[in-house]
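[1] Got a sequence here, can you model it:
(one chain, ligands or ions: 2)
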Amino acid sequence: MKRILITGGAGFIGSHLCERLLNDGNDVICLDNFFTGSKINIVHLLDHPYFELVRHDVTQSYYAEVDEIYNLACPASPIHYQYNPIKTVKTSVMGAINMLGLAKRIKAKILQASTSEVYGDPAVHPQPETYWGNVNPVGKRSCYDEGKRCAETLFTDYNIQNQVKIKILRIFNTYGPKMHPNDGRVVSNFIVQALKNQDITIYGNGSQTRSFQYVDDLIDGMIRMMKTPDEVTGPVNIGNPQEFTILELAEKIIELTDSRSKIVYETLPEDDPIQRKPDITLAHEVLNGWSPKVELEEGLKSTITYFTETI
Ligand code: NAD
Ligand code: UDP
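    Ligands and ions are numbered 1, 2, ... in the order given. So this is what the prediction gives:
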């Protein structure tokens, strides 16, 4: 049995990871400050004898004896990470320093939930890990993008300077059950709007693209990444390369929910990336043949069922 710390464990991805790692027979500590996460996501795990919930902020140091750390603490939706941008930078950077310091002291392996946002508004398409990105350092998204880029730097330097065993995963747009209905990201927004027959809000003209990964595929990839040999440090892209325009996504969700919603067009937010699609060649190679299994329609159906039951 391994002891595993998951920061941001009460969030969307973190709660799936807690559940999966517990089911695999591990002892799990879920650490969260509940900024965007919620006890509701992990309430069903609270009675599990090997599950522990800790209310804590990663900007403060934390100590526990564990074998592995998954560092997920950070708001991920633009509306939430822009709410208090200074705090977002502190969460990414001080959170990384605190968790890397812990990993160094207790000799734990540590995985960083990095992001496709490190590529900014990419000029190279699809994005391989070798691409350095096109990021505005002083824009609305910078607190998140640069915070995550600095965290990657810290992880790399702790590995080189202090031999900490690190793993960096660059996660592309992921969706699924347990997203917060007011999370603000596109899949949850559109599904909630469609189920309530409200207007579907497309920002811009809907021609911008994203590639959507279902959460189960991500969790499988994260666990595989943690098991890779020490020399596999990443960064490794993890996502589903099937690319859709935001208009196509809206139309698909209207069809699957049989909704009477109408599409309305609103202003495109500042620095909103025009296109995004992962090159997952490296993931396939180092994660033991990993590739995403869940098609968009199938994943959307499960997510729609979840929101139908919860909102
Ligand atoms: P989320 O907002 O649901 O989860 C983030 C969790 O971190 C929440 O539970 C929140 O309360 C917690 N948190 C925030 N600040 C904290 C702090 N200072 N101390 C302790 N806990 C804190 O978002 P998510 O989609 O589950 O994202 C999880 C991680 O994955 C994030 O690091 C995010 O950047 C990364 N990621 C997600 C996506 C995606 O598409 N979902 C894509 C790329 C990267
Ligand atoms: N988007 C949209 N309507 C919404 C929410 C998002 O058109 O109600 C767009 C947004 O402008 C972006 C894309 O959908 O182009 C993905 O947005 P999200 O916030 O989910 O993720 P990110 O921009 O971080 O990839």
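
[2] contacts, neighbours, all on C-alpha from now
    OK.

[3] what residues does the stretch 151-300 of the chain put near ligand 2?
    For the stretch 151-300 of the chain, the residues in contact with ligand 2 (CA under 6 Å from any ligand atom) are N173, G184, R185, V186, N189, T201, I202, Y203, Q208, I246, L268, D272.

[4] In this structure P292 contacts D220, no?
    No: here P292 lies out of contact with D220, judged by CA atoms under 8 Å, at a distance of 9.1 Å.

[5] what does the stretch 1-150 of the chain have sitting close to ligand 2?
    Counting by CA under 6 Å from any ligand atom, the stretch 1-150 of the chain sits next to ligand 2 at S77, P78.

[6] Please say which of P292 and D220 ends up with more neighbours.
    A direct count of neighbours by other CA atoms under 10 Å for P292 and D220 places P292 higher, at 20 against 16.

[7] excluding its backbone neighbours, what's nearest that one?
    Of all residues not flanking P292 in the chain, D217 sits nearest, at 5.4 Å (CA to CA, 6 or more residues apart in numbering).

[8] Which of the residues of the stretch 151-300 of the chain next to ligand 2 fall in strands?
    If you go by DSSP state E, those have T201, I202, Y203 in strands.

[9] residues touching G37, list them.
    Taking CA atoms under 8 Å, 6 or more residues apart in numbering, we find G37 in contact with G8, G9, A10, G11, F12.

[10] Can you check the pLDDT for the closest residue to N134 other than its chain neighbours?
    Once flanking residues are discounted, N134 sits nearest to G120: 4.9 Å by CA to CA, 6+ apart. On pLDDT, G120 comes in at 97.

[11] ditto for I311
    Here the pLDDT value assigned to I311 is 88.

[12] What lies in contact with the helix or strand hosting G299?
    Assessed by DSSP states H and E, G299 sits inside helix 296-310. Contact partners of helix 296-310, identified using CA under 8 Å, 6+ apart, comprise 175-178, 181, 191-192, 195, 212-214, 252-253, 256-257.

[13] ok, now stretch 280-290?
    With CA under 8 Å, 6+ apart as the criterion, stretch 280-290 contacts P128, G221, R224, M225, T228, V232, V236, N237, I238, G239, P241, S291.

[14] Can you list the buried residues in it?
    Neighbour-count burial for stretch 280-290 flags I280, T281, L282, A283, H284, V286, L287, W290 (criterion: 16 or more other CA atoms under 10 Å).

[15] picking up where we left off before, format the contacts of G37 as JSON lines; extra columns: distance to Q60.
    Output for the contacts of G37, formatted as JSON lines (distance: CA to CA, whole Å):
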{"residue": "G8", "distance to Q60": "14"}
{"residue": "G9", "distance to Q60": "16"}
{"residue": "A10", "distance to Q60": "18"}
{"residue": "G11", "distance to Q60": "19"}
{"residue": "F12", "distance to Q60": "22"}
